[in-house]
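>>> have a look; sequence and predicted model below, questions after that.
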Amino acid sequence: MEIFGIPLQAFLGQLMLGLVNGAFYAMLSLGLAVIFGLLGIVNFAHGALYMLGAFAAWIMLDKFGINYWYALVLAPLTVGALGVVIERLFLKHLYKIDPIYGLLLTLGLALIAEGIFRELYGVSGQNYNVPELLSGATNLGFMVLPNYRAWVVLVSLAVCVGTWYLIERTRLGAYLRAGTENAALVQAFGINVPLMVMLTYGAGAALAALAGVLAAPIIQVNPLMGSNLIIVVFAVVVIGGMGSIMGSILTGLSLGVIEGLTRVFYPEASSIVVFIIMVIVLMIRPAGLFGKEA
Amino acid sequence: MNPLTDSKQMTKAAKFLRITYIALLILALVAPMIGLYPVFVMKLLCFALFACAFNLLLGFTGLLSFGHAAFFGSAAYITGYLIKSHNFTPELGIVAGMIGSGLIGLVVGYVAIRRQGIYFAMITLALAQMVYFVCLQAPFTGGEDGLQGVPRGALFGLLSLQSDTAMYYLVVAVFVAGFLAVSRIVHSPFGQVLKMIRENEPRAISLGYQVDRYKLMAFVLSAALAGLAGSLKTLIMGFATLSDVHWTMSGEVILMTLLGGVGTFFGPVMGAGIVISLQDTLADKVGSWVNVIIGVIFVLCVLAFRKGVVGELQAWLERRRSVAAAPKA
């Protein structure tokens, strides 16, 4: 069976690959949106934190024999703690000035992290095996589905929806949203806003790291994996509009799928299709698909 | 404060500045004779021009473009390709590079000025990455290898640029012309409108200025000047590579400008000097740590001295001057 002259198996395979990429875009742009919402900082270090998550998982396995399932929890915790340190040391000095400085500072941090890992591990990339439980593939009749990829999509969807629920439907989320509107007022109600801000950055960093751990068995773990991804994620954010959590999730997933489909029909354009969509969206809706007019 | 002493002080400062510039120009002219390696100084001037072009946008219009490597790099490729494959003379190659980068600047600027601030930065970054992928895949750019062995040729078909000395004086001349052009643009009525947009955009709009047009014009000028720097770089080095269009190059030019002093005339030159010297002296000694050092400088600039070296110096001089002037007032 064929679709537009493409064998069904290849078509579905690319679709699945696109969905996996979309899951990563969604998780990363979600983290960016949460951090931007409360701290007003465009976290250029997000790609580096994603890379650190993957490396943390790889180092845990390689040096300490800690397996994937523990790393799935421990790596985000480690990187999240690092995020808390970063917020205390650097970011808290920048809240009252032009957000451009936040972007530049986090760019500096990203360069530092990448430089260190490049020096230590080179650029060739490290292999991380798929955990035994999830290796292999399931034959669905019309396609063979690699188990690990299905797992990645499921986990990231669960995490995305969970984050959305936490922010839009719980009391803690209400504090967070109120904090972005008027921090001083929220503080006057006796809520520790600086602590909330600190933990938010930590949580955002942990989210990026979790994406890194999930990615580790699929791609080669290497120091530049984050900087290549972050710019596409920025484009996703511009397309979606940074206002809404649900917007990040839907835009991320659908752009991944569109990218995958482009790879099937016109491979040369697959690396720039996201940017082309960005241009089109900006022409029609300058605030992004889910953004509010500022 | 007494306006008379104030204006006297101003002319004093202006005179001091002029003397400094003349001294620096003389230094640049004699640099090869006093033992400075010409190729190093040429490279430095090239990046200084790039940073000045970038500063026209960030420092005097208040727009942070995160995609200037696209203009620098695309001009580098256009010039290299035309000279190497179509036997263009160097000056025509440079002009073509500038026109090309100016046109790309027109498209990128047109799309990007629809959003402001952080979004503007992210859009320019994404579009520049698109240019990067085009350079990676287009048939004439040599892909991963880049364009190599671009001949310097002869200026106007007459003056051979083979020797580093001939090339050097061309670069100095182009740099001075570019530097003066930026200063001329900023001091023109057009430049004053740009400054107003930087200070208070809503007011500029309410005064009836078509702000988007001014911004776009500034963007195109800045892109073309960045292209001039890129074209020159190809001519000096004889190659154009993917690193010229990669986003890390956009980051570097931001760092140069920030480190030297955003919105000052000489700051970007100083910043380029510091960054290029650091890279040149450290690259073979410390390897990838050079990126770490650059990152640390970035962090320090943002946290501790946002005005940059020249900006802090100016602020310090002004403080001293106001202290000296205080008893008279």
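That came in fine, so what should we check first? Values in this document were obtained by computation on a predicted structure and should not be read as measured data. Residues are numbered from 1 along each chain as shown, chains lettered A, B, ... in the order given.

>>> near chain B, which residues of the stretch 151-294 of chain A?
Where the stretch 151-294 of chain A comes near chain B, counting by CB under 8 Å from any CB of the partner chain, the residues are A:227, A:231-232, A:234-235, A:237-238, A:268, A:271-272, A:274-276, A:278-279, A:282-283, A:286-287. In short, each C-beta sits where N, CA and C put it, glycine included.

>>> where does chain A have low pLDDT?
Per-residue confidence for chain A (pLDDT under 70) gives these ranges: A:1-5, A:292-294.

>>> tell me the centre residue of it?
What sits nearest the mean C-alpha location of chain A, by CA atoms, centre = their mean, is A:L28, with 1.5 Å.

>>> test my guess that that residue contacts A:G226.
No - here A:L28 lies out of contact with A:G226, judged by CB atoms under 8 Å, at a distance of 9.2 Å.

>>> give me the common contacts of the two.
Applying CB atoms under 8 Å, 6 or more residues apart in numbering or on different chains, one finds that A:L28 and A:G226 are jointly contacted by A:H46, A:G47, A:Y50.

>>> for the last one, grab the count of nearby residues.
Put plainly, it is A:Y50. Neighbouring residues of A:Y50 were enumerated by other CB atoms under 10 Å in any protein chain shown; the total is 31.

>>> ok, now B:E201?
Counted with other CB under 10 Å, the neighbours of B:E201 add up to 15.

>>> and it, what is it in contact with?
B:E201 neighbours (CB under 8 Å, 6+ apart): B:Q116, B:V211.

>>> stretch A:91-106: end-to-end distance?
According to CA to CA, to the nearest Å, stretch A:91-106 extends 9 Å from its N-terminal end residue to its C-terminal end residue.

>>> next one: that stretch to chain centre, how far?
21 Å (CA atoms, centre = their mean, to the nearest Å).

>>> buried residues, it. List them.
Residues of stretch A:91-106 classed as buried under the neighbour-count rule (16 or more other CB atoms under 10 Å in any protein chain shown) are A:L91, A:L94, A:P99, A:I100, A:Y101, A:G102, A:L103, A:L104, A:L105, A:T106.

>>> out of those residues, who's near chain B?
Counting by CB under 8 Å from any CB, the subset of the buried residues of stretch A:91-106 that neighbours chain B consists of A:L94, A:P99, A:I100, A:Y101, A:L103, A:L104, A:L105.

>>> and the helix or strand harbouring the fifth one, what does it pack against?
Applying DSSP states H and E as the criterion places A:L103 in helix A:99-121. Using 3 or more CB pairs under 8 Å, 6 or more residues apart in numbering or on different chains; DSSP states H and E as the contact definition, the elements that helix A:99-121 packs against are helix A:46-64, helix A:225-240, helix B:117-137, helix B:247-260, helix B:289-303.

>>> right, and those helices - which one's nearest B:P32?
B:P32 lies closest to helix B:247-260 among the helices and strands packed on helix A:99-121, at 23.2 Å (CB to CB).

>>> for that closest one, give the mean pLDDT please.
Helix B:247-260 comes out with an average pLDDT of 92.

>>> burial of residue 82, as a residue count?
Just so you know, I chose chain A. Burial of A:L82 is recorded as 18 neighbouring residues (other CB under 10 Å).

>>> you looked at the wrong chain, it should be chain B
Using other CB under 10 Å, B:L82 has 22 neighbouring residues.

>>> what's the answer for the one 3 residues further on, then?
By other CB under 10 Å, 11 other residues sit near B:S85.

>>> how about the one 5 residues further on?
B:P90 is flanked by 25 other residues according to other CB under 10 Å.

>>> what distance do you get for it to B:F156?
Counting by CB to CB, to the nearest Å, the gap from B:P90 to B:F156 is 9 Å.

>>> what of A:N129?
63 Å.

>>> and if you look at A:G83?
Applying CB to CB, one obtains 58 Å for the distance of A:G83 from B:F156.

>>> these two: who's more crowded?
More neighbours surround A:G83 than the other of A:G83 and B:F156, with 30 against 10 (other CB under 10 Å).

>>> how about that one: what's its closest non-neighbour residue?
Closest residue to A:G83 in three dimensions, ignoring its sequence neighbours and counting by CB to CB, 6 or more residues apart in numbering or on different chains: A:A205, at 2.8 Å.

>>> I'd guessed the one you found sits against A:V85; true?
No - assessed by CB under 8 Å, A:A205 is found out of contact with A:V85, at 9.7 Å.

>>> neighbour count for these two, which is higher?
Comparing A:A205 with A:V85 by other CB under 10 Å, the one with more neighbours is A:A205, at 31 against 14.

>>> on the three-state scheme, the more buried one is what?
The three-state label given to A:A205 by DSSP: H, G, I helix; E, B strand; the rest coil is helix.

>>> how about it, what does it touch?
With contact set as CB under 8 Å, 6+ apart, A:A205 has these partners: A:G31, A:L49, A:V79, A:G80, A:L82, A:G83, A:V84, A:I86.

>>> again, 10 Å this time
A:31, A:35, A:43, A:45-46, A:48-50, A:52-53, A:76, A:78-87 (CB atoms under 10 Å, 6 or more residues apart in numbering or on different chains).

>>> cool, and B:A223?
For B:A223, the contact set (CB under 10 Å, 6+ apart) comprises B:53-54, B:56-57, B:65, B:67-68, B:70-72, B:74-75, B:98, B:100-109.

>>> so what's it closest to, chain neighbours aside?
Of all residues not flanking B:A223 in the chain, B:G105 sits nearest, at 2.5 Å (CB to CB, 6+ apart).

>>> test my guess that the one you found contacts B:S65.
Yes - counting by CB atoms under 10 Å, B:G105 sits close enough to B:S65 to count as a contact (9.2 Å).

>>> which of the contacts of B:A223 fall in helices?
Members of the contacts of B:A223 lying in helices (criterion: DSSP state H): B:53-54, B:56-57, B:68, B:70-72, B:74-75, B:98, B:100-109.

>>> go through the strand or helix carrying A:I277 and flag the buried ones.
With elements taken from DSSP H and E, the one containing A:I277 is helix A:273-284. Neighbour counts over helix A:273-284 (16+ other CB under 10 Å) mark A:V273, A:V274, A:F275, A:I277, A:M278, A:V279, A:V281, A:L282 as buried.

>>> look up the closest residue to the first one, ignoring the ones flanking it.
Which is A:V273. Leaving aside its chain neighbours, A:V273 sits nearest to A:T262 (4.5 Å; criterion: CB to CB, 6+ apart).

>>> tell me the helices and strands packed up against the strand or helix carrying the one you found.
Using DSSP H and E, A:T262 sits within helix A:245-265. Helices and strands in packing contact with helix A:245-265 are listed as strand A:6-7, helix A:8-39, helix A:147-169, helix A:225-240, helix A:273-284; criterion 3 or more CB pairs under 10 Å, 6 or more residues apart in numbering or on different chains; DSSP states H and E.

>>> possible to save the ones you listed as CSV with distance to B:V134?
What follows is the helices and strands packed on helix A:245-265, written out as CSV (distance: least, CB to CB, whole Å):
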stretch, distance to B:V134
strand A:6-7, 25
helix A:8-39, 21
helix A:147-169, 30
helix A:225-240, 15
helix A:273-284, 10
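
>>> test my guess that B:G93 contacts B:G80.
Yes - when contacts are counted by CB under 10 Å, B:G93 is listed as touching B:G80 (7.8 Å).

>>> need the residues touching each of these two.
Taking CB under 10 Å, 6+ apart as the contact criterion, the common neighbours of B:G93 and B:G80 are B:V150, B:S231, B:T234, B:L235.

>>> most neighbours out of the residues you listed, which is it?
Of all these, the highest neighbour tally under other CB under 10 Å goes to B:S231, namely 33 neighbours.
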